[in-house]
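**Q** Please work out how this folds:
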Amino acid sequence: MKATNRDVYEKVTKPLVDSAVNGFNATIFAYGQTSSGKTHTMMGSKTERGVLELVVNEIFEAIESNPDREYLLRVSFIEIYQEQITDLLTGSTRLKVSDTHNEVVIKELSEEMCSTPDSVIDVMKKGEKLRHIACTNMNERSSRSHTIFRIIIESRSRCETGSDEIAIQLSHLNLVDLAGSEKVNQTGATGGRFKEGCAINVSLSALGKVIDQLSKNERHVNFRDTKLTHILRNSLGGNAMTAIICAISPASVDETLSTLRFATGAKTIMNKPVVNEVVNDKAMLKRYEKKIKDLELQLVSRFKELNLLYSISSFHFCFLHYSILLIHFFPFFSFFCFFIFLYPYCAFILSLLHSLKVP
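**A** Here you go, the predicted model:
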């Protein structure tokens, strides 16, 4: 059976796109050895659309099907070449990475606003022209760098437009095209190509190490060893939904086994995605007020139940006192008294369990 990029998209990436539109961070990787088809899968060709283009079309279809929210899309495109970060939209090089409030930020990274699928694709093609690509024995157009095409999706409810109480959902959708691992005896790389191949292998080795550490639940994970793992920290066991497309090739059995081991380890990692919201002070206060009111109602309900229990207990103290006298003189009343004594408690416990049942 021959699988197409559309098949890969439908089975692997479409659910992540739907989640990203609804406020969850998401990341889609393409991983594998050189010449295995990663770039073709992500970027497509003249005869077949890639995952990136299918993702973009799906985003705008989802936006059109949700008229209750208004959306704003921004895109950025970076290249990691020999551990140097380049903005593919402006050509700026040696960008710095920093951690701010548990978020990894690339300083001075440009973003472009997009309002149509075509405008997003145009930005992607513009960046692709600046990417490092070279010819090797394994691949006529071998990617010599990693790229991350990021789509930033902001949305808010239309009923909040013009209101002081604003809650904005803000999610990042990362589309990552990794350079392929390669062996010198296969690629025939020399000089600059050889240096590029070494940098690629070191970076991918660090990514594999991070995946291995996360799969083993180690306390310390070496995210900062490379720019790639640092930037994608949230995508690896953090606040994001992540899908990894592993491409293999019959050109090297060893590389294929290595890719499959990588995929096996990655499948065991548990991410912790949450809806990302930016809420202003008034909206936050309104939410807290609602939460306080809900808690007050729960407390009133519990107090009523406790008062009922106290009333039942008082009644049963008197009932028990007179029942003992009654049973002493009329033993055949014992079963009737026992039933009257226990029934309210059983009914109270059953109602309490019903109220605590998780919907």
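
**Q** Residue ranges in the stretch 151-300 of the chain under the pLDDT threshold?
**A** Within the stretch 151-300 of the chain, the ranges that satisfy pLDDT under 70 run 160-166, 182-193, 280-289.

**Q** Mind jotting down where the helices sit in it?
**A** According to DSSP state H, counting those that start in this stretch, the stretch 151-300 of the chain carries its helices in the segments 184-187, 192-215, 227-231, 253-267, 281-329.

**Q** ok and the second one relative to helix 253-267, angle-wise?
**A** Relative orientation of helix 192-215 with respect to helix 253-267: 40 degrees, computed using axes from the mean of the first three to the mean of the last three Cα atoms, to 10 degrees.

**Q** Against which helices or strands is helix 192-215 packed?
**A** strand 69-81, helix 184-187, helix 227-231, helix 253-267 (3 or more Cβ pairs under 8 Å, 6 or more residues apart in numbering; DSSP states H and E). Yep, even glycine has a C-beta here, placed from its N, CA and C like the rest.

**Q** hmm, try it at 10 Å
**A** strand 26-32, strand 69-81, strand 133-134, strand 142-143, strand 146-157, helix 184-187, helix 227-231, helix 253-267 (3 or more Cβ pairs under 10 Å, 6 or more residues apart in numbering; DSSP states H and E).

**Q** Convert that helix to CSV, retaining C-alpha atoms only.
**A** The C-alpha coordinates for helix 192-215 follow below in CSV (Å, rounded to 0.1, in the frame of the first residue of the first chain):
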residue,chain,number,x,y,z
GLY,A,192,32.1,22.3,4.5
ARG,A,193,29.6,19.5,3.8
PHE,A,194,31.5,17.3,6.3
LYS,A,195,31.3,20.0,9.0
GLU,A,196,27.6,20.5,8.4
GLY,A,197,27.0,16.7,8.7
CYS,A,198,28.9,16.6,12.0
ALA,A,199,26.8,19.5,13.4
ILE,A,200,23.6,17.8,12.2
ASN,A,201,24.5,14.5,13.9
VAL,A,202,25.5,16.2,17.2
SER,A,203,22.2,18.0,17.3
LEU,A,204,20.2,14.9,16.5
SER,A,205,22.2,12.9,19.1
ALA,A,206,21.3,15.5,21.7
LEU,A,207,17.6,15.2,20.7
GLY,A,208,17.8,11.4,21.0
LYS,A,209,19.4,11.8,24.4
VAL,A,210,16.6,14.1,25.6
ILE,A,211,14.0,11.7,24.3
ASP,A,212,15.8,8.8,26.2
GLN,A,213,16.0,10.8,29.4
LEU,A,214,12.3,11.7,29.3
SER,A,215,11.2,8.1,28.5
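
**Q** how far off strand 146-157 does that helix point, in degrees?
**A** Going by the same axes, to 10 degrees, helix 192-215 makes 50 degrees with strand 146-157.

**Q** now helix 192-215, how far from the chain's geometric center?
**A** 23 Å (Cα atoms, centre = their mean, to the nearest Å).

**Q** Please report how far the spatially closest residue to N174 that is not a sequence neighbour lies from D68.
**A** Once flanking residues are discounted, N174 sits nearest to T27: 4.2 Å by Cβ to Cβ, 6 or more residues apart in numbering. Here T27 is placed at a distance of 27 Å from D68 (Cβ to Cβ, to the nearest Å).

**Q** now S119
**A** For S119 relative to D68 (Cβ to Cβ), the value is 24 Å.

**Q** circling back: pipe the helices and strands packed on helix 192-215 into CSV and attach mean neighbour count per row.
**A** Output for the helices and strands packed on helix 192-215, formatted as CSV (neighbours: other Cβ atoms under 10 Å):
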stretch, mean neighbour count
strand 26-32, 26
strand 69-81, 20
strand 133-134, 16
strand 142-143, 24
strand 146-157, 21
helix 184-187, 15
helix 227-231, 21
helix 253-267, 15
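
**Q** Tell me which of those sits nearest to P15.
**A** Closest approach to P15 among the helices and strands packed on helix 192-215 (Cβ to Cβ): strand 26-32, 9.0 Å.

**Q** Who does that closest one pair with, and is each partner parallel or antiparallel?
**A** Strand 26-32 pairs in its sheet with strand 167-177 (parallel), strand 241-247 (parallel), by DSSP bridges.

**Q** for the shortest one, the distance to its chain's centre please.
**A** Using Cα atoms, centre = their mean, the distance from the centre of strand 241-247 to the centre of the chain it belongs to is 12 Å.

**Q** likewise stretch 217-229?
**A** On Cα atoms, centre = their mean, the centre of stretch 217-229 falls 18 Å from the chain's centre.

**Q** buried ones in it?
**A** Residues of stretch 217-229 classed as buried: 221, 223, 225-229 (neighbour count, 16 or more other Cβ atoms under 10 Å).

**Q** Out of these, which comes closest to G265?
**A** Distances from G265 to those, taken by Cβ to Cβ, are shortest for V221, at 12.9 Å.

**Q** Once you drop chain neighbours, what's closest to that closest one?
**A** In space, V221 is closest to Q213, 4.6 Å off (Cβ to Cβ, 6+ apart).
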